[in-house]
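>>> A structural model of the following input is requested.
(one chain, ligands or ions: 1)
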Amino acid sequence: MTTPTIELKPSASPLAAAEREAILANPGFGRHFTDHMVTIKWTEGRGWHDGELVPYAPLSLDPATMVLHYAQEIFEGLKAYRQPDGTVASFRPEKNATRFQASARRLGMPELPVETFIEACDALVRQDEAWVPAHGGEESLYLRPFMFATEVGLGVKPASEYLFLVIASPAGAYFPGGVKPVSIWVSEDHVRAVPGGMGDAKTGGNYAASLLAQAEAAAKGCAQVCYLDAVERKWVEELGGMNLYFVYGDKIITPSLTGSILEGVTRDSLLAVARDLGYEAEEGRVSVDQWQRDSENGTLTEVFACGTAAVITPVGTVKRTGAEWQQGDGEPGEVTLKLRQALLDIQRGTAQDTHGWMHKLG
Ligand SMILES: *Cc1c(COP(=O)(O)O)cnc(C)c1O
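Numbering: from 1, shown residues only. Next up, the predicted model:
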């Protein structure tokens with residue numbers, strides 16, 4: 001299949017510099033969007049076509065558009081960082097591109113070539129480069145590639161037409177006042193994903209499945225939900241949108257990829273960064289009972305969550321039915337903070353990129 005080119009049709013009236021700078025001074029997360037977006041269509045029998053970079057604008061959809069009924073949708077999330085020399089580089093976009101292909105396969109959707117995915121992200125960042133926050137802090141430009149079924153009709157089948165888009169949103173420091181531990185509710189009633197399901201695909205449906213438990217967690221005073229495996233309701237899987245790591249002194253463990261866990265790029269990167277820093281890093285199984293016991297006996301020294309948005313978030317209070325405990329002393333742990341800094345330094349270009357993870361804009 002041919003690789004589509006992306007035709008540039010930039011806006012004649014991008015946001016004025018002063019207004020953009022006002023947004024960049026306090027961008028938050030996912031609240032403001034840049035001047036442009038990339039769109040590429042796919043049609044059965046024709047493949048990918050009509051790649052364009054156009055002004056950011058609402059979409060017009062027929063009420064019978066398939067995605068609105070059967071949720072055939074996938075997405076990605078990655079960040080571009082301003083480097084010390086003023087250039088811009090994104091973090092491991094090829095990992096997101098290949099995961100996007102895997103998600104597409106799981107949802108019966110066409111696979112976008114890796115180089116097209118990266119080119120679409122690059123084209124948008126190049127056009128809207130002024131939206132990439134200055135070097136210095138933890139700010140970045142968050143990229144959200146996504147694809148959904150655009151065929152019109154209520155028959156249930158893989159659609160014959162899709163739209164791929166990339167939009168971009170400036171992202172502030174996740175913890176503007178300093179890194180703060182998050183509280184976790186371990187859900188023993190609801191599961192996020194099941195064996196043979198689509199837990200390892202990045203699709204909106206998994207998020208829809210998590211919202212009720214998320215509301216339940218909020219009612220218990222917790223910020224995030226931790227999901228257990230669907231069969232035994234025993235093994236720790238992940239949070240609604242972040243992977244988990246358990247720190248035992250100099251050893252860190254993350255749950256193995258079972259098919260119902262999303263393979264995070266941050267999770268994967270931390271296995272390598274931890275080894276670089278001299279820690280033992282492995283994948284394994286941790287039960288919720290072990291989590292509670294080892295926290296209470298002090299062998300489990302820290303727990304943290306990780307994902308593109310927050311990089312690393314320390315876990316503080318943990319609650320489950322009938323029990324509650326505090327992870328460590330309630331402050332972010334030493335290993336957590338070291339790993340967080342090491343990964344951020346690579347992303348911001350202040351540490352050497354020994355793994356070749358940074359993708360410089362050409
Ligand atoms: C995106 C996501 C993650 C984190 O993945 P990163 O590539 O590190 O951002 C973890 N869990 C779920 C369910 C996700 O959707």
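
>>> for the rest of this, base every contact and every neighbour count on C-alpha atoms.
Will do.

>>> now the residue with the largest distance to the centre of the chain: how far from residue 289?
Within the chain, the residue lying farthest from the chain centre (Cα atoms, centre = their mean) is residue 297, at 33.0 Å. Distance from residue 297 to residue 289, counting by Cα to Cα, to the nearest Å: 12 Å.

>>> next: residue 325.
On the measure of Cα to Cα, residue 325 and residue 289 end up 12 Å apart.

>>> neighbours around the residue in the stretch 51-200 of the chain that the ligand sits nearest to, how many?
Taking Cα to the nearest ligand atom as the measure, the point where the stretch 51-200 of the chain comes nearest the ligand is residue 77, at 6.1 Å. Neighbour count of residue 77, defined by other Cα atoms under 10 Å: 19.

>>> also residue 33?
By other Cα under 10 Å, neighbour count at residue 33 equals 19.

>>> SS state for it?
Here residue 33 is recorded as coil under DSSP: H, G, I helix; E, B strand; the rest coil.

>>> report the contact partners of the closest residue to it other than its chain neighbours.
Using Cα to Cα, 6 or more residues apart in numbering and skipping residues adjacent in sequence, the residue nearest residue 33 is residue 169, 4.5 Å away. Residue 169 makes contact with 29-34, 141-143 under the criterion Cα atoms under 8 Å, 6 or more residues apart in numbering.

>>> mind redoing it with 6 Å?
Going by Cα atoms under 6 Å, 6 or more residues apart in numbering, residue 169 touches 30, 32-33, 141-142.

>>> over to it. Which of the three states is it?
Assigned with three-state DSSP, residue 169 falls in the strand class.

>>> interface residues of the stretch 251-362 of the chain facing the ligand?
With Cα under 6 Å from any ligand atom as the criterion, the stretch 251-362 of the chain meets the ligand at residues 262, 264-267, 307-308.

>>> repeat that with 5 Å
Listed as neighbours of the ligand in the stretch 251-362 of the chain under the rule Cα under 5 Å from any ligand atom: 262, 264-266, 307-308.

>>> in helices only, show me those residues.
265-266 (DSSP state H).

>>> what's the closest of the residues of the stretch 251-362 of the chain next to the ligand to residue 195?
residue 262 (12.3 Å; Cα to Cα).

>>> doesn't residue 19 lie inside a helix?
Yes - assignment of residue 19 by three-state DSSP places it within a helix.

>>> where is the longest helix in this protein?
helix 204-219.

>>> show me what it is packed against.
Here helix 204-219 touches no other helix or strand, going by 3 or more Cα pairs under 6 Å, 6 or more residues apart in numbering; DSSP states H and E.

>>> tell me what the helix or strand that comes right after it is packed against?
Proceeding N to C from helix 204-219, the next assigned helix or strand is strand 224-228, under DSSP states H and E. In terms of contacts (3+ Cα pairs under 6 Å, 6+ apart), strand 224-228 is packed against strand 182-187, strand 236-239.
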